[in-house]
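K.L.:
just the structure for this:
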Amino acid sequence: MKAYTSILSAMRSQVWAIDEAKLYGILGFLAMKAQGQDAEAGVIADLHGSAAIQAARAQKVSQSSKGSVAVLPVYGLILHRGSSMGDISGPAATSTMKLLQQFRQAVNDPGVQAIVLDIDSPGGTVEGVEELAAEIRAARGKKQTIAVSNKQCCSAAYYIASACDEIVASPSSTTGSGGRVLRA
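P.N.:
Next comes the predicted model:
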């Protein structure tokens, strides 16, 4: 319980650019856990199932990144250093630091002609997002960059996508910014 109280406190100290419902869902889950309560088994099973699907999808994307197109997954919450929030967020999170490193590698790889960001994210913290977006904008003219909104591309994720040369959205995806920066 003490760990959840600490995580909840840390989250409340962050500035978020995220789908509002997702943020409040995470905060509610943490508050419940901090009070010693457990989520219903079905909720946890759904989160684990979603995480497993995202992990399999990320593995498939990384395997298909060979050749002239680098496909970089941007899934789950966007966090500066985070890589997973487990039960709290469901799908694995995307670290802006790790994504920036992967992006730089793709830009500097002479065998890569284009970079695709495969995005399924409600957004996340604002830390590191501006730096990542600036790097993507700076690559214009060196490599073609395309953001694909593949289910959800909101807030911080949309900010990153908007730095690309082009944004492509599947017809059923939620794409755009909530237009608000939130404090938890």
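K.L.:
from residue 13, how far out is the residue nearest to residue 113 when sequence neighbours are not counted?
P.N.:
Nearest residue to residue 113, sequence neighbours excluded (Cβ to Cβ, 6 or more residues apart in numbering): residue 68, at 4.3 Å. Yep, even glycine has a C-beta here, placed from its N, CA and C like the rest. Note on residue 68: its distance to residue 13, by Cβ to Cβ, to the nearest Å, is 43 Å.
K.L.:
sorry, back to before: what about the residue nearest to residue 113, how many neighbours?
P.N.:
Residue 68 is flanked by 9 other residues according to other Cβ atoms under 10 Å.
K.L.:
in contact with residue 94, which residues?
P.N.:
Shown in contact with residue 94 (Cβ atoms under 8 Å, 6 or more residues apart in numbering): 73-79, 121, 124.
K.L.:
next, find the distance separating it from residue 68.
P.N.:
Taken as Cβ to Cβ, the span from residue 94 to residue 68 is 24 Å.
K.L.:
so what's the residue nearest to residue 113 up against?
P.N.:
Applying Cβ under 8 Å, 6+ apart, we find residue 68 in contact with 111-114.
K.L.:
redo the residues you listed as CSV? Include distance to residue 167.
P.N.:
Listed next are the contacts of residue 68 as CSV, based on distance: Cβ to Cβ, whole Å:
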residue, distance to residue 167
111, 25
112, 20
113, 19
114, 14
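K.L.:
and those residues, which of them are buried?
P.N.:
Buried members of these, scored by 16 or more other Cβ atoms under 10 Å, are residue 112.
K.L.:
narrow the contacts of residue 68 to those in strands?
P.N.:
residue 114 (DSSP state E).
K.L.:
sec struct for residue 92, please.
P.N.:
coil (DSSP: H, G, I helix; E, B strand; the rest coil).
K.L.:
going forward can the numbers begin at 19, since that is how I track them
P.N.:
With 19 as the first residue, the last one maps to residue 110.
K.L.:
lowest-scoring secondary structure element of this structure by mean pLDDT?
P.N.:
helix 59-81 (a mean of 52; mean pLDDT, DSSP states H and E).
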